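Asks: Sequence plus the predicted model coming up.
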There are 2 protein chains.
Amino acid sequence: MKKYMHSNDRLDEVTVSTEPIYEGKIISLQVDTVRLPDGSTAKREIIKHPGAVAVLAVHDSKMIMVDQFRQAMGRCELEIPAGKLEKGEDPLEAAKRELQEETGYVCDNIKLLHSFYTSPGFADEIIHLYIAEELRKGEAAPDDDEFLELYELTLAEAEEAVALGKISDAKTMLAVYAWKLKQATGVFGL
Amino acid sequence: MKKYMHSNDRLDEVTVSTEPIYEGKIISLQVDTVRLPDGSTAKREIIKHPGAVAVLAVHDSKMIMVDQFRQAMGRCELEIPAGKLEKGEDPLEAAKRELQEETGYVCDNIKLLHSFYTSPGFADEIIHLYIAEELRKGEAAPDDDEFLELYELTLAEAEEAVALGKISDAKTMLAVYAWKLKQATGVFGL
């Protein structure tokens, strides 16, 4: 195995204690005390999140996006369809569910592109990013507190939306990169 | 302006009240009550973060990475050099500082590729991702509670590390995509 793939024991930190701070509807917060490799201790503020799915869905050479308000940013932005995992839910089923709930599109041919952590410095949120092609139109059914508007963007439009900041989140930018790279190389993914 | 670039007033949510829950060293947590477009209210759990910088640094056709332990994930992973903004700090200066502190590399020619939100559903963390080329070796100086190991990966090695999960965070995967796309198209960025 290549050197960079090795587990690096001498960098490991050991959890000494965990102080629960807040248990919310979606996230919880705890402060861990860890022992560092030099024997000293440090505090780590950690957000626990159930994980999420997101879908790079392409229909008629356009990427499916939803416009929605984000309280953390105080404005609307365009994102690929996404949502958090229900307890015990299979990520692939969740991806199909979120795609249909948010956009009405149904897809039987859906596959995992990458799973990635959004903010490893303070959160355990993982997003499973799927690719959906061969879509057909079904019935949308957003959650009660979810107000969305559907858009379908060409690659040029998606790139423009990134340049102008209307697309500005990591998962959606990763999806635009993956889609553009596919057009350059013929395959999705690295 | 294209329709998808419009501000979508009818999706806007209005903040009714904010309940501070926790003020930490790096993040803070608040629960906002918002008025939804249909007049009903909902709770939004929001993490406030000072923002961060990350650097896609290429030297001798290799990408500079650091291996470090991440308490949120319970293991080490390879990431591009990154760190949070100090209060009032210019992001470009922060990017140069983090690159040198974590890797020892100094770069005068550094430019912004993208700024993106990591988790718009619950956090306001924004990462300013810079590209650094023409590096020269200086002196590393990691923070007291930061234990790192430096690696330099070819594109093929970086792709392998993504495939095997040793690279697994959004900013680093975005950097690998940007670097690969550059090799396909000749330019960084979308």
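Replies: Received the coordinates, thanks. Residues are numbered from 1 along each chain as shown, chains lettered A, B, ... in the order given.
Asks: contacts and neighbour counts: CA atoms only from here.
Replies: Will do.
Asks: so for the helix ranked longest in chain A, what's the average pLDDT?
Replies: The helix spanning the most residues in chain A, taking DSSP state H as the definition, is helix A:170-185. Computed over helix A:170-185, the mean pLDDT rounds to 96.
Asks: Report the distance from it to the chain centre.
Replies: In terms of CA atoms, centre = their mean, to the nearest Å, the centre of helix A:170-185 is set 14 Å apart from its chain centre.
Asks: now stretch A:65-82
Replies: On CA atoms, centre = their mean, the centre of stretch A:65-82 falls 13 Å from that of its chain.
Asks: same question, stretch A:156-165
Replies: 19 Å.
Asks: correct me, but A:P120 touches B:A72?
Replies: Yes: at 6.1 Å, A:P120 counts as touching B:A72 under the criterion of CA atoms under 8 Å.
Asks: Compare these two (neighbour count), which wins?
Replies: Remark: of A:P120 and B:A72, A:P120 carries more neighbours, 24 against 20, as counted by other CA atoms under 10 Å in any protein chain shown.
Asks: Give the full set of residues in contact with the more buried one.
Replies: B:70, B:72-73, B:169 (CA atoms under 8 Å, 6 or more residues apart in numbering or on different chains).
Asks: ditto for A:G83
Replies: Counting by CA under 8 Å, 6+ apart, A:G83 touches A:52-54, A:95, A:98.
Asks: where does the most centrally placed residue in chain A land in three-state SS?
Replies: Closest to where the C-alpha atoms of chain A average out (CA atoms, centre = their mean) is A:I127, at 3.7 Å. Here A:I127 is strand, with the state taken from DSSP: H, G, I helix; E, B strand; the rest coil.
Asks: Excluding sequence neighbours, find me the nearest residue to it.
Replies: Excluding the flanking residues, the one nearest A:I127 by CA to CA, 6 or more residues apart in numbering or on different chains is A:A52, at 4.7 Å.
Asks: How is chain A divided into domains?
Replies: Split into domains by automatic domain parsing, chain A comes to A:9-48, A:52-185.
Asks: now the end-to-end length of the longest one.
Replies: One end of domain A:52-185 sits 28 Å from the other (CA to CA, to the nearest Å).
Asks: same deal with stretch A:118-136?
Replies: End-to-end for stretch A:118-136, by CA to CA: 30 Å.
Asks: How about stretch A:23-41?
Replies: Taking CA to CA, stretch A:23-41 runs 25 Å from one end to the other.
Asks: can you tell if it touches chain B?
Replies: Yes: Stretch A:23-41 reaches chain B (CA under 8 Å from any CA of the partner chain) through A:24-27, A:36-37.
Asks: buried set for that stretch?
Replies: Buried positions in stretch A:23-41, judged by neighbour count with 16 or more other CA atoms under 10 Å in any protein chain shown: A:27-37, A:41.
Asks: Do me a favour and average the pLDDT over it.
Replies: Here stretch A:23-41 scores 96 as its mean pLDDT.
Asks: Walking through chain A, point out its helices one by one.
Replies: For chain A, the helices defined by DSSP H occupy A:91-103, A:155-163, A:170-185.
Asks: Now mean neighbour count and distance to A:L11 too, for those helices, in a markdown table please.
Replies: Output for the helices of chain A, formatted as a markdown table (neighbours: other CA atoms under 10 Å in any protein chain shown; distance: least, CA to CA, whole Å):
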| stretch | mean neighbour count | distance to A:L11 |
| --- | --- | --- |
| helix A:91-103 | 22 | 31 |
| helix A:155-163 | 18 | 37 |
| helix A:170-185 | 21 | 27 |
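Asks: export these to TSV and tack on distance to chain B?
Replies: As requested, the helices of chain A are exported to TSV (distance: least, CA to the nearest CA, whole Å):
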stretch	distance to chain B
helix A:91-103	14
helix A:155-163	6
helix A:170-185	5
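Asks: can you put these in TSV and add distance to A:K62?
Replies: As requested, the helices of chain A are exported to TSV (distance: least, CA to CA, whole Å):
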stretch	distance to A:K62
helix A:91-103	13
helix A:155-163	7
helix A:170-185	10
